[in-house]
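In: next comes the sequence, and after it the predicted model I'd like to discuss.
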Amino acid sequence: MSQRGYVLDDGWYLDHAAGAAMTPGQDVLLQAHLEISPAAREQAGAITRIGGAMLESIDDADEASLAFDIDDIFARDAGETPAPDVTAAEADSKALPDYLPDAVRTFMAESHVRLRWEFLGPGLEKAMLWRGGDDERLWLLRARPGVAIPHHGHRGSELTLVLKGSFYDGDQRYQRGDVEEADPGVEHDIRIGDEGECICLALTEGKLRFQDPLLRLFQVFTGL
């Protein structure tokens, strides 16, 4: 693993810079990633600067009309957004655990989502935050140190952002701020780091695929 950390594919930052429409789950995960990952902010800033350089080829009138949007993107990627007015929802978000990024805390408070941990497996718990179309779900995973998540694949895409602790996929270690992207062709075994509990924010499409018949049966009760 490089010292810069694991970041999202460039397409995510391009969409962010362009103001492309995202689902609530995508928006929350991306904002949380930018908030807690210096490497992500660096990558997003580099892409924004490239976009700014391209504007030099646009005539003055068009450039002036786009200047505000580019400056705003720079501010967001640098974490320099103006301080918003404190609302009741934002005040409620302060009662949530410190390991949750502000983007997640604000979303939960404004959506009136409570942090409710449910049994997922030995040493594993989940907390559902949001459900969208195409079986897209945003949820939290909490795992005890050293726990192994059985070999599995994916029916759709999966993004996993580490909020606390670490996990291993093979010999690759993911820690706070890192994101692992998995597509339907990926099958892997996950092991939680030994230094402490691991908490991740996951955005998934569809259910996981397990080869073990017992795990597939257990999946009926967990919903994942």
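Out: Nice, I can see it. Residues are numbered from 1 along each chain as shown.
In: how about the strands in the protein?
Out: Under the criterion DSSP state E, strands of the chain are mapped to 118-121, 124-131, 136-143, 148-154, 158-164, 166-169, 172-175, 179-182, 188-192, 198-205, 208-210.
In: possible to save those as JSON lines with mean neighbour count?
Out: C-beta here means a position set from N, CA and C on the backbone, and glycine is covered the same way. Formatted as JSON lines, these follow (neighbours: other C-beta atoms under 10 Å):
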{"stretch": "strand 118-121", "mean neighbour count": "14"}
{"stretch": "strand 124-131", "mean neighbour count": "17"}
{"stretch": "strand 136-143", "mean neighbour count": "21"}
{"stretch": "strand 148-154", "mean neighbour count": "17"}
{"stretch": "strand 158-164", "mean neighbour count": "22"}
{"stretch": "strand 166-169", "mean neighbour count": "18"}
{"stretch": "strand 172-175", "mean neighbour count": "16"}
{"stretch": "strand 179-182", "mean neighbour count": "19"}
{"stretch": "strand 188-192", "mean neighbour count": "18"}
{"stretch": "strand 198-205", "mean neighbour count": "22"}
{"stretch": "strand 208-210", "mean neighbour count": "17"}
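In: residue 111: which of those is closest?
Out: Closest to residue 111 of the strands of the chain is strand 124-131 (C-beta to C-beta; 7.1 Å).
In: tell me the angle of that closest one relative to strand 188-192?
Out: 110 degrees (axes from the mean of the first three to the mean of the last three C-alpha atoms, to 10 degrees).
In: in its sheet, what does strand 124-131 sit against?
Out: Sheet pairing of strand 124-131 (DSSP bridges) gives strand 118-121 (antiparallel), strand 136-143 (antiparallel).
In: same list (the ones you listed) but as TSV, adding mean pLDDT.
Out: What follows is these, written out as TSV (pLDDT from 0 to 100):
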stretch	mean pLDDT
strand 118-121	86
strand 136-143	95
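In: how about the ones you listed, which one is nearest residue 171?
Out: Distance to residue 171, taken as C-beta to C-beta, is lowest for strand 136-143 among the strands paired with strand 124-131, at 18.8 Å.
In: now the end-to-end length of stretch 127-138.
Out: 9 Å (C-alpha to C-alpha, to the nearest Å).
In: kindly report the same for stretch 181-199.
Out: 16 Å.
In: all helices of the chain, in order?
Out: 10-18, 24-36, 38-54, 60-77, 88-93, 102-110, 213-222 (DSSP state H).
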